[in-house]
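Colleague: Below are the sequence and a predicted model for it; my questions follow.
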Amino acid sequence: MRIAIFTNNYLPNPFGVSMSIESFRKEFERLGHTVYVFAPSFKGYMDENKNAHLNGGQVFRYPALDLSFRGIRFPIVIPYSHRISRILENLEIDVIHAQHPNLLGWEAKRWAKKKNVPLVFTWHTLYDKYAHFTPIIPEKFAAWWAIGNAKRFANYSDQIVVPTSSVRKIIQDWGVMNKDIVAIPTGVEKSFFQNTEREKMRKELNIANDEIALLLVSRMTAEKNVQFLVQSVIEVLKKNRKTKFILAGEGGELVILKKMITNARVFEQVIFQGIVARDVTKNIYAAADIFVYASKSETQGMIISEAMILGLPVVAVSATGIIDAVREGETGFLTNENKDEFVSAIEKLVASNELRRNFGETAREIALENYTSAICAQKMLKIYEEVITRKDKERK
């Protein structure tokens, strides 16, 4: 199968969409399929992905404006390239998969129509939760426009993919009439998360054997609800001096978070890791004992799956996407956005080695059964085959 993926967000940005594309791409190519990725250029970055050229597949970069906003570098693609158009003219493609409804999503739609191949669209984002990223434009207007644009794109598409079942109802409530909607999460590369070095990493981070390490891996931005999370964790740290908090990530909220932690006088219990290199990530997870998360903007939350596959119990705010991954009372605790509830849930796990172990073992079992890249890629390939068959029938 020859698969063309169009995305406004790709490597080296370590965000959810990029990681989702890489998870599926690697598995598709491992199974002998050809994958073409069409993405924005990223100044100073050269594609080093050898697998991108396997079976003739390749990464094609459109021109882009190299912009940063609120501490995050995020190139904005210019969705036209005469050079890439010439390449696309000559490519044989069986299915086009758009990761966004605008910019390169428009290109995906145009080329799907031109080549008369099915258009698949993954609805990755709860756009109302990200409207604050649009400078100058009022948030309510930005959210209204983004949702309306995505809705029209979804209704036009031959197949909609959502990362979790809870997202399906939201987009239907927003007005998506297309009935071809399937939930397929992004999988975790099981082999990548093997052979971890827990003891070595804990020593590097100065975490003693008798200390409990809480972990957050996230962008430090408003939509991730990090201020609420840190306020809650501070209370845990104050009452439990044998706890540490690993804070991995960067973003515009980090200055505020550091000030909160300093004022609370728990700075010595917090380990600021910044953006963690991908090959170090698994050891950061392995060094921790409990994963904490408060975002209400997720459609899946891949980092939850990563934490689970490494056997971490999770404490999270009950929200879309997260409720599909965390099983209350089995793999962790889901709470309201209430500090007392959130703190209490963390402290239950801090206080009980047995509870942490039981939740962690169950989390790992569930992740291996449902959230590996191999399992999720097979589900996506089946959808591609079905939508190609439907398109063939339409041609006849």
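Modeller: That came through fine.

Colleague: Poorly predicted segments of the stretch 201-350 of the chain, please.
Modeller: Judged against pLDDT under 70, the stretch 201-350 of the chain has no low-scoring part.

Colleague: in the stretch 251-396 of the chain, which spans are strands?
Modeller: Assigned by DSSP state E, counting those that start in this stretch, the strands in the stretch 251-396 of the chain fall at 270-274, 290-293, 314-317, 332-335.

Colleague: Turn those into CSV, columns for mean neighbour count and distance to Thr299.
Modeller: C-beta coordinates here come from the backbone N, C-alpha and C atoms, glycine included. Output for the strands of the stretch 251-396 of the chain, formatted as CSV (neighbours: other C-beta atoms under 10 Å; distance: least, C-beta to C-beta, whole Å):
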stretch, mean neighbour count, distance to Thr299
strand 270-274, 16, 25
strand 290-293, 26, 14
strand 314-317, 27, 14
strand 332-335, 24, 16
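
Colleague: Same list, those strands, but as a markdown table with distance to Val255 please.
Modeller: Formatted as a markdown table, these follow (distance: least, C-beta to C-beta, whole Å):
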| stretch | distance to Val255 |
| --- | --- |
| strand 270-274 | 12 |
| strand 290-293 | 20 |
| strand 314-317 | 23 |
| strand 332-335 | 27 |
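
Colleague: and stretch 354-368, what's its mean pLDDT?
Modeller: For stretch 354-368, mean pLDDT is 97.

Colleague: Give me the contact list for it.
Modeller: For stretch 354-368, the external contacting residues (C-beta atoms under 8 Å, 6 or more residues apart in numbering) are 188, 190, 289-290, 305, 307-314, 327, 330-332, 348-349.

Colleague: For the stretch 251-396 of the chain, just list every one of the helices.
Modeller: 254-263, 278-287, 302-309, 322-325, 339-351, 353-370, 373-395 (DSSP state H, counting those that start in this stretch).

Colleague: Run a quick neighbour tally on the spatially closest residue to Gly16 that is not a sequence neighbour.
Modeller: Nearest residue to Gly16, sequence neighbours excluded (C-beta to C-beta, 6 or more residues apart in numbering): Met302, at 5.5 Å. Residues near Met302, counting by other C-beta atoms under 10 Å, number 24.

Colleague: from what I can see Met302 touches Val17, true?
Modeller: No. Met302 is not in contact with Val17 according to C-beta atoms under 8 Å; the separation is 9.9 Å.

Colleague: Okay, now the unreliable bits of the stretch 1-150 of the chain?
Modeller: Residues of the stretch 1-150 of the chain that meet the cut-off, pLDDT under 70, sit at 49-57, 69-72, 129-138.

Colleague: Swap in 50 and give it another go.
Modeller: The stretch 1-150 of the chain contains residues with pLDDT under 50 at 52-55.

Colleague: That one: strands as residue ranges?
Modeller: 2-6, 34-40, 58-62, 64-65, 68-69, 72-73, 76-77, 95-98, 119-122.

Colleague: which helices and strands does the second one pack with?
Modeller: When you say that, I think you mean strand 34-40. Using 3 or more C-beta pairs under 8 Å, 6 or more residues apart in numbering; DSSP states H and E, the elements in contact with strand 34-40 are strand 2-6, helix 16-30, strand 58-62, strand 76-77, helix 104-115.

Colleague: Show me what the first one is packed against.
Modeller: It stands for strand 2-6. By 3+ C-beta pairs under 8 Å, 6+ apart, strand 2-6 packs against helix 16-30, strand 34-40, strand 95-98, helix 104-115.

Colleague: let's see 10 Å
Modeller: helix 16-30, strand 34-40, strand 58-62, strand 95-98, helix 104-115, strand 119-122, helix 373-395 (3 or more C-beta pairs under 10 Å, 6 or more residues apart in numbering; DSSP states H and E).

Colleague: from memory Val230 sits against Phe272, does it?
Modeller: No. Counting by C-beta atoms under 10 Å, Val230 does not reach Phe272; the two are 11.6 Å apart.

Colleague: Residues that sit against both of the two, list them.
Modeller: 245, 247, 257-258, 261 (C-beta atoms under 10 Å, 6 or more residues apart in numbering).

Colleague: which neighbours do Met302 and Val17 share?
Modeller: With C-beta under 10 Å, 6+ apart as the test, Met302 and Val17 both reach Thr186.

Colleague: In terms of helix, strand or coil, where does the residue nearest to Ile275 when sequence neighbours are not counted fall?
Modeller: Using C-beta to C-beta, 6+ apart and skipping residues adjacent in sequence, the residue nearest Ile275 is Glu250, 5.1 Å away. Under the three-state scheme (DSSP: H, G, I helix; E, B strand; the rest coil), Glu250 adopts coil.

Colleague: Wait, Glu250 touches Gly274, no?
Modeller: Yes. Using C-beta under 10 Å, Glu250 is in contact with Gly274, at 5.6 Å.

Colleague: who touches both of these two?
Modeller: Common neighbours of Glu250 and Gly274 (C-beta under 10 Å, 6+ apart) are Met220.

Colleague: if we can go back for a sec, of the strands of the stretch 251-396 of the chain, which is nearest Gln378?
Modeller: Closest of these to Gln378 is strand 314-317, at 25.6 Å (criterion: C-beta to C-beta).
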